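Enquirer: sequence first, predicted coordinates after that:
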Amino acid sequence: MPSSNAVHNLDRRFGSPSIQRLPATTPSAPLPVEATTPWRRRNRWSRLLSASRPLLRRPGFMLAALVVAFALLAALAPGVLSGFDPNATAPLAKLTAPNATHWFGTDELGRDLYTRVIHGASLSIQAALLAVGLALLGGLSLGVLSGFAGGRVDALIMRVIDVLLALPGLLLALAIVTAIGFGTLPVALAVGVGIIPGFARTTRAEVLRVKTLPYVEAARLGGASWLQTLWRHILPNAWGPVAVLATLDFGAAILATAGLSFLGFGAAPPAPEWGTLIATGRHFLITAPWVALLPGAFVVAVVFSLNHLARTLEEIKR
Amino acid sequence: MNALIEVHNLGIAYRQGAQHTQAVTDVSFSLAQGETLAIVGESGSGKTTVANAILGLLPDSAVLTAGRLVVAGQDLSQASERVKRQLRGRTIGLVPQDPMVSLNPTQRIGVQIAEALVLARGGRYRGVDNDVGELLAQVGLDNPTLRARQYPHELSGGMRQRVLIAIALAGNPRLIIADEPTSALDVTVQQRILDHLEGLVRERGISLLIITHDLGVAADRADRVLVMKSGTLVEHGTPQQVLAKPTQPYTRALIAAAPAFAEPRAPRTAAAPGQRPLLALTAVNKHYRLPRVRGQADRFQALADVSFKVCAGQTLGIVGESGSGKSTALRIALGLEKADSGRIEFAEQDVTDFGWRQFRPLRRRMQLVQQNPFAALDPRLSIFDSIVEPLVSFGLARGAELDRAARELIERVHLPAHFLDRLPRELSGGQRQRVAIARALALQPDLLLLDEPVSALDVSVQRQILDLLDELQRELGIAYVIVSHDLAVIANVADEVLVMRQGRIVDQGPTAQLFNHPGNAYTQALLDAVPGKRQRALA
């Protein structure tokens, strides 16, 4: 009787008190299981790879991923993508239309616009990444705490979140930037605080949903502590919509950063920043439309790609 | 007289990308006016696809690959959507499967029935309200004027099913298709609804097409029975023919699998009289507070003075309709809920006031198998991770040892070892239930509590799971508490049975005694309501 042997051995290894349950007829027979099935656990990467394969076949997804990758590369290593100096002026070549040397044309001081857009990525994208990271951290912890603790803690946190939701995001960001000054970090902080409520709300809703599911109860009955359950079951299952929201808000954060700069609350003029580029370009909208439109188009492309990624991820979830 | 429905060599396929999956192959049957036909089969047998084809409601991905489908003289295989819409409601009425989700929750009952009436008449007319009331009265709802003004959530499942029947009747159809009309309902409610539907259909000379997985329902209600298996017709005849002389092995397997027709379990040696019970509940009470509604009680008594005990190696079955408190009893035994009063003892310890920490060591000896195998496994964890989770939580094994434990457990529940790499969504319901059982066995408990372990599964799969449970009990000597609304399941596995109603134990005793000589009127009613009377009469 192979199977009863198996259980007997199992009993022995765990030293369970139930060992006497089975008659120990053949105490040390080898497990037949090991001999017949050479099963080995599949590793996590191979599963991830097979899950992402259908994604790679979507041209739209691939294009969006390329645009985002390009923007990220521009933020990290702008020198790779352009040989010009973003601040080198050339008064003779001011406001040239796009051509083979100057892909996006030049601005009113003759600076290469393409190079300035590339270099501008670092501030916008760094600020957006910081903002989303901050919002994720704050929103996730607030949401998990609120969904998990429930009762008064939940009520208190949610009322604070309601107040934050009631304030227009841009107004809040303007107030924060005015209070603590310009720069990447303040801008990120200002934008990040504005999007915390969305993350907190989404996380809380997901945690509340997952918390009551049978498998969470099964894990608890299997002896897992709340912290283990939270880590192993609730967070991974609540994570999906939050990740989608993060991708979506990454785009929104880029727009918000650019918006702040456009209004003059971001980077100071000589520094290339997407919002600043558009802001200065709008003076020449009639005579040299590319100065405002091409950086604008680039921002639109990046944000649109991020939205598309978010949507695709959301569809995959279903 | 012409047949109302004629189906000739029907073939339907679903295409997905370049792939064609043949769902229905070469199915032929006809249905005359006033006749009742039942199509029986397991999930995936194509019975709902046939019903949808008759209604002209196949999804876009479905293609008619062969054959003809004639409904009331119209050939549906080439018909336009307009023609199909003419047929729906006026010629064919549908009673859908799940009464809980088939009504619009934001509209009053009356409005929804009126909508069907108006559509059938082709426009608004005077006296719609009267007709609504009349329909509601016909389907057996008390106080029609009140019901018409209520919302779906204010009605019970049985009442909602009656409303759905009223909607199906609104167009005065010649045929009603009932797709698993009562599988979501308790047996006694099921019986009343089916009796009523049968009466209405007889009275008006309507044809009835019942789609069901329950051979008992089909045999009791239909003039003719069709048995389908993986898209083909395997058996066709009157219930007597099909049940008494099944020609196909599949039909025989289906009859044998249906728990209603299996032999009650042979009585085993009862627990020794002096033996201490493993789990004992004594005079447990539990109530829930309800939201305040004027004119209604603000307390709901879930359990009233409930006592029972289970001895090692024995099986206790708890039967009752939904809301009878049987699941609450399990949750209290597990320490998931606190009782208002009474005592709970497990393994000779009084666990009534145990907190989570105190209870934790006992979890290794008492485990739960949940009702719904589709939600009981974390969709993101592989089967391996799910099965060994309790071992990891208790820190009992790691590394290669864990691999070995997982392999042994999955062999125990008769699944191949490579299933350990799969995700829950890649498994069928029965396979998932096996995984859930394997997980519950990981800690080698002395007592397993099973909450409706098979109610979400097909009959033949039910049989396999019940056999597995029986085998595990024989080999490991585990005690079970099985909660079910299905008397047939309980009759098969339990040594002792508890009948619950509205939070009270109304009957209690050894299985054979209780089933053969029920002492209580309610138990008798429950037994009578189990479908499959014709079949038992034949047996």
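Expert: Received it, and whenever you're ready, just let me know what you need. Everything numeric in this text was worked out from a predicted model, so none of it was measured.

Enquirer: low-confidence ranges, chain B, go.
Expert: Chain B contains residues with pLDDT under 70 at B:1-2, B:17-18, B:184, B:258-274, B:291-297, B:532-539.

Enquirer: from it, which residue is nearest to chain A?
Expert: Per Cβ to the nearest Cβ, B:P390 is where chain B lies closest to chain A, at 3.4 Å. All C-beta atoms are positioned from the backbone trio N, CA, C, and that covers glycine.

Enquirer: mind listing what the residue in chain A that chain B sits nearest to touches?
Expert: Distances between chain A and chain B by Cβ to the nearest Cβ are smallest at A:G222, namely 3.4 Å. Residues in contact with A:G222, defined by Cβ atoms under 8 Å, 6 or more residues apart in numbering or on different chains, are B:R363, B:Q367, B:E389, B:P390, B:S393, B:F394, B:R439, B:A442, B:L443.

Enquirer: which helix or which strand is home to residue 192?
Expert: No chain specified, so I'll use chain A. Element membership for A:G192 (DSSP states H and E) is helix A:184-211.

Enquirer: the chain in question should be chain B.
Expert: Element membership of B:R192 [criterion: DSSP H and E] is helix B:187-204.

Enquirer: show me what that helix is packed up against.
Expert: helix B:157-170, strand B:175-179, strand B:207-212, helix B:215-221, helix B:521-529 (3 or more Cβ pairs under 8 Å, 6 or more residues apart in numbering or on different chains; DSSP states H and E).

Enquirer: with distance to A:G110 and mean neighbour count added, can I get these in JSON lines?
Expert: Below are the helices and strands packed on helix B:187-204 laid out as JSON lines (distance: least, Cβ to Cβ, whole Å; neighbours: other Cβ atoms under 10 Å in any protein chain shown):
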{"stretch": "helix B:157-170", "distance to A:G110": "75", "mean neighbour count": "24"}
{"stretch": "strand B:175-179", "distance to A:G110": "75", "mean neighbour count": "24"}
{"stretch": "strand B:207-212", "distance to A:G110": "78", "mean neighbour count": "25"}
{"stretch": "helix B:215-221", "distance to A:G110": "85", "mean neighbour count": "25"}
{"stretch": "helix B:521-529", "distance to A:G110": "90", "mean neighbour count": "16"}
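
Enquirer: rebuild the ones you listed as JSON lines, extending it with distance to B:A66.
Expert: Below are the helices and strands packed on helix B:187-204 laid out as JSON lines (distance: least, Cβ to Cβ, whole Å):
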{"stretch": "helix B:157-170", "distance to B:A66": "30"}
{"stretch": "strand B:175-179", "distance to B:A66": "22"}
{"stretch": "strand B:207-212", "distance to B:A66": "21"}
{"stretch": "helix B:215-221", "distance to B:A66": "26"}
{"stretch": "helix B:521-529", "distance to B:A66": "41"}
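
Enquirer: tell me where the stretch 251-400 of chain B has helices.
Expert: Ranges of helices within the stretch 251-400 of chain B are B:326-333, B:356-363, B:383-393, B:400-412, based on DSSP state H, counting those that start in this stretch.

Enquirer: neighbours around B:D353, how many?
Expert: By other Cβ atoms under 10 Å in any protein chain shown, the residues close to B:D353 number 11.

Enquirer: look up how far A:A297 lies from A:G192.
Expert: 26 Å (Cβ to Cβ, to the nearest Å).

Enquirer: look at these two and report which has more neighbours.
Expert: Legend: neighbour count by other Cβ under 10 Å for A:G192 and A:A297, higher for A:G192 (27 against 13).

Enquirer: thinking the more buried one is in contact with A:A128, fair?
Expert: No. Taking Cβ atoms under 8 Å as the definition, A:G192 is not a contact partner of A:A128, at 9.3 Å.

Enquirer: which residues are in contact with each of the two?
Expert: Counting by Cβ under 8 Å, 6+ apart, the common neighbours of A:G192 and A:A128 are A:A253.

Enquirer: residues contacting B:R276?
Expert: By Cβ under 8 Å, 6+ apart, the residues touching B:R276 are B:C311, B:E348.

Enquirer: next, give phi and psi for it.
Expert: phi -80, psi 140 (degrees, to the nearest 10).

Enquirer: any idea how far B:V351 is from it?
Expert: 14 Å.

Enquirer: in a strand, A:P269, correct?
Expert: No. Assignment of A:P269 by DSSP: H, G, I helix; E, B strand; the rest coil gives coil, placing it outside any strand.

Enquirer: residue contacts, the residue nearest to it when sequence neighbours are not counted?
Expert: Using Cβ to Cβ, 6 or more residues apart in numbering or on different chains and skipping the chain neighbours, the partner closest in space to A:P269 is A:T276 (6.4 Å). Residues near A:T276 by Cβ under 8 Å, 6+ apart: A:G120, A:S261, A:F262, A:G266, A:A267, A:P269.

Enquirer: contacts only, for the fifth one.
Expert: The one in question is A:A267. Residues near A:A267 by Cβ under 8 Å, 6+ apart: A:L123, A:F182, A:S261, A:E273, A:G275, A:T276.

Enquirer: next one: the fourth one
Expert: Applying Cβ under 8 Å, 6+ apart, we find A:G266 in contact with A:L123, A:V177, A:F182, A:V187, A:T257, A:A258, A:L260, A:E273, A:G275, A:T276.

Enquirer: 6 Å - rerun?
Expert: A:G266 makes contact with A:V187, A:L260, A:E273, A:G275, according to Cβ atoms under 6 Å, 6 or more residues apart in numbering or on different chains.

Enquirer: element containing the residue lying closest to the first one once chain neighbours are set aside?
Expert: Put plainly, it is A:V187. The shortest distance from A:V187 to any non-neighbouring residue, by Cβ to Cβ, 6+ apart, is to A:A127 (4.8 Å). Assessed by DSSP H and E, A:A127 sits inside helix A:113-149.
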